[in-house]
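[1] Could you look at this predicted model? Sequence included:
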Amino acid sequence: MAAALGFAVLIDLGFAIMARHDSAVQVQRDAFWRVEGPPCAPLEPLTFRSLRRLPQATPYDDVLFRRLGGTMTCTHLIDRTGGAAERYPVCKFTAPDYLVVSVGGRDRFFDLTGGHAAAVEVRGGQVRCAVIPPFRM
């Protein structure tokens with residue numbers, strides 16, 4: 001009986017440790033993908049369209065990201081608002097000079113010259129771009 005009780009305590013302890021670890025990992029993930037910071041500077045569309053080099057284009061879900069320089073990584077986040085789950089893309093960019101986010105037939109142009117990193121989320125067809133500290137992928 002004592003052995004069974006001890007085994008049950010060990011199993012409960014193991015589950016508690018795993019839950020704490022999963023929670024810590026989720027907190028780190030949420031912090032990494034958070035889109036907070038000053039808004040990205042706007043860019044005149046003519047400036048982007050007059051570039052001599054072709055931008056890198058990456059479609060992600062229903063969004064097209066075009067950038068000149070830097071690298072990118074993306075994920076999906078899910079938020080619950082009013083009981084309904086909303087899934088939306090979030091991408092991070094390491095120092096692109098220029099960035100264009102196209103969604104729903106509309107383009108948003110951003111100027112990130114000067115080595116700025118950026119985070120972009122697209123929720124409900126709305127684009128939000130924030131300048132963020134440099135990060136590692």
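    Sure, I can see it. In this text, all values refer to a predicted model and were calculated from it rather than measured experimentally.

[2] Can you pull up the most central residue in the protein?
    Nearest residue to the geometric centre of the chain (CA atoms, centre = their mean): Val90, 3.1 Å.

[3] Would you check that that residue makes contact with Cys74?
    Yes - using CB atoms under 8 Å, Val90 makes contact with Cys74 at a distance of 6.8 Å. All C-beta spots, glycine's among them, are computed from the backbone N, C-alpha and C.

[4] now the strands for the protein?
    Ranges of strands in the chain, per DSSP state E, are 41-42, 56-60, 63-68, 71-81, 84-94, 98-103, 106-111, 117-123, 126-132.

[5] Phe32 is nearest to which of those?
    Phe32 lies closest to strand 84-94 among the strands of the chain, at 8.0 Å (CB to CB).

[6] Quick one: residues contacting the residue nearest to the centre of the chain.
    Trp33, Val35, Cys74, Thr75, His76, Leu77, Ala119, Val120, Glu121 (CB atoms under 8 Å, 6 or more residues apart in numbering).
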